[in-house]
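*Asks:* Sequence and predicted model, in that order:
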Amino acid sequence: MKPVLIKHLGQHKDQEVFIRGWLYNMRSSGKIIFLIVRDGTGLVQGVVVKKEIGEEIFKIARNITQESSLEIRGTAREEPRSPGGFEIQISSLKVLHLAEPYPISLKEHGVDFLAERRHLWLRTPRQSALIRIRSELEKSCRDFLHDRDFILADAPIITPTACEGTTNLFEIDYHGEKAYLSQSGQLYNEATAMALGRVYSFGPTFRAEKSKTRRHLMEFWMLEAEAAFIEFEENIRLQEELISFLVQQVLEKNKRDLDLLQRDPSTLANVAPPFPRMSYTEAVDFLKGRGVDFKWGDDFGAFDETIISRNFDLPVFIHRFPAGIKAFYMKCDEENPEVVLGADLLAPEGYGEIIGGGQRIEDLEILKERLLLHKLPLEDFEWYLDLRRYGSVPHSGFGLGLERLLAWVSGIDHVREAIPFPRMLYRMCP
RNA sequence: UCCUCGAUAGCUCAACGGUAGAGCAACCGGCUGUUAACCGGUAGGUUGUAGGUUCGAAUCCUACUCGGGGAGCCA
């Protein structure tokens, strides 16, 4: 008999089925046992009745420990009292491995205790739901971009120099030479965009800053898209369409998971273009109007971002920042050269920045000036400058932080749950 | 790096200068429809480490270790 996944039980109503999985929980009374079994796709309740299955198997069933692996066979029935809506009247069962006493009970635990057992914590319904939503987000990112003729061109993880030169990098020994783990694939994406037109990369990114907040990881996944001939406005439209598509896909494909996380879908349901926009200057005025002491030219802090984003139900773009607080490659606005054609997307509900992007400088001389202004060594960027020597074109791109997006969509309060094995300031095990 | 909070049974916590306790988990028993089931019983502790104050410290003080939350930086 072929095994059936728990999530497909609806297709096997009143049929004999074969389920393989792990024991999630058990409740028993003298003559009846309820085995709650999980297989990664859902939960199902197996019912073992003493007089039907016999003394011997009943005794085995009663002694199965939490997270033991097992196989069960029986008839699938609709049953509203069962988690998942189906239960299996068990006719036979086989314990594949009797688990040792399981450390993670179904009761409350602290974050420290759970983090040390992340490899087991992932088995809980809530954590599994988050990983399923993450999987859907990653797939949908790829679907969206492929539909729009973007080509996947992954960027290197080991890099010889700092891409943007500003933040702390993880240094590694590259056969005697210093090298660094990538903090952004963008410069490489600009190169592949000039080769292929529209490209994206999707992979891990590393930041060695000693950040210790609910929004920071040392290692996180970033989708970075870059497109030749796309300018500032089109870039923003692409981003709002992408985010809207991602949210709609999750609403459609991960209903059960959102439900499990107690995420109210109505707050996500109206995520559709266009998103509200505020220029940096408007945002500064807005903050001042709320009594915040803020000087034009300073960068927003987490506090400022929260005040701004709380004012909208949708993600909000903050655009046209002062050149001084943004990366060297940002193109200046022709109508106001003090500001650059960059935009950050702030998620609602205080989840912070989920996208940073903008139009890049295509002029060789201006780019050189900006590198010097940022005190970056020109020789390290010669290959990057080549992109402005051989058929330079207007181009734009953006980087989307997967864990922050997932944290917002799922309504969780910390990015550590948004990746299977988080790397944090004081924790990298398991 | 800075600010702030914390560490007591396997887990979550209580005990606020005077004999360290509860719920859950574990183990034993009971229960034919349970819903982090319930009921009865058993066992479980060098109170993070080191020092100090005190007749007496889980409790007050100092240092250290480990961790949580936040700032800066960013996605």
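*Replies:* Nice, I can see it.
*Asks:* Distance from stretch A:35-42 to the middle of the chain?
*Replies:* Stretch A:35-42 sits 24 Å away from the centroid of its parent chain (CA atoms, centre = their mean, to the nearest Å).
*Asks:* Quick check: end-to-end length of that stretch?
*Replies:* By CA to CA, to the nearest Å, the extent of stretch A:35-42 from end to end equals 14 Å.
*Asks:* Tell me which residues touch the residue nearest to A:Gly21 when sequence neighbours are not counted, please.
*Replies:* Nearest residue to A:Gly21, sequence neighbours excluded (CB to CB, 6 or more residues apart in numbering): A:Asp39, at 3.4 Å. Placement of C-beta: from N, CA and C, glycine included. Contact partners of A:Asp39, counting by CB atoms under 8 Å, 6 or more residues apart in numbering, are A:5-6, A:19-22.
*Asks:* again, only using 10 Å
*Replies:* A:Asp39 sits next to A:3-7, A:19-22, A:24 when contact means CB atoms under 10 Å, 6 or more residues apart in numbering.
*Asks:* Show me where the stretch 101-250 of chain A dips below the pLDDT cut-off.
*Replies:* A:162-167 (pLDDT under 70).
*Asks:* how about the residues of it that lie near RNA strand B?
*Replies:* Near RNA strand B, the residues belonging to the stretch 101-250 of chain A are A:101, A:103, A:105-113, A:115, A:166-167, A:184, A:207, A:209-218, A:220, A:222 when assessed by CB under 7 Å from any atom of the strand.
*Asks:* one more time with 6 Å
*Replies:* Within the stretch 101-250 of chain A, the positions adjacent to RNA strand B are A:101, A:103, A:105-113, A:115, A:166-167, A:207, A:209-217, A:220, A:222 by CB under 6 Å from any atom of the strand.
*Asks:* Tell me the secondary structure at A:Gly203.
*Replies:* Using DSSP: H, G, I helix; E, B strand; the rest coil, the secondary structure recorded for A:Gly203 is strand.
*Asks:* what's across from it in the sheet?
*Replies:* For A:Gly203, the beta-bridge partners under DSSP bridges are A:Met222.
*Asks:* show me the contacts for it.
*Replies:* A:154-157, A:182, A:185, A:221-224.
*Asks:* Among these, which ones are in strands?
*Replies:* In strands, defined here by DSSP state E, the members of these are A:221-224.
*Asks:* can I get the contacts of A:Gly203 in CSV with neighbour count?
*Replies:* Rendered in CSV, the data for the contacts of A:Gly203 read as follows (neighbours: other CB atoms under 10 Å):
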residue, neighbour count
A:Asp154, 15
A:Ala155, 24
A:Pro156, 13
A:Ile157, 15
A:Ser182, 24
A:Gly185, 28
A:Trp221, 20
A:Met222, 24
A:Leu223, 24
A:Glu224, 23
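*Asks:* which stretches of chain A form helices?
*Replies:* For chain A, the helices defined by DSSP state H occupy A:50-53, A:55-62, A:111-116, A:118-121, A:125-147, A:186-196, A:232-253, A:255-260, A:266-269, A:280-289, A:302-309, A:364-373, A:382-386, A:402-410.
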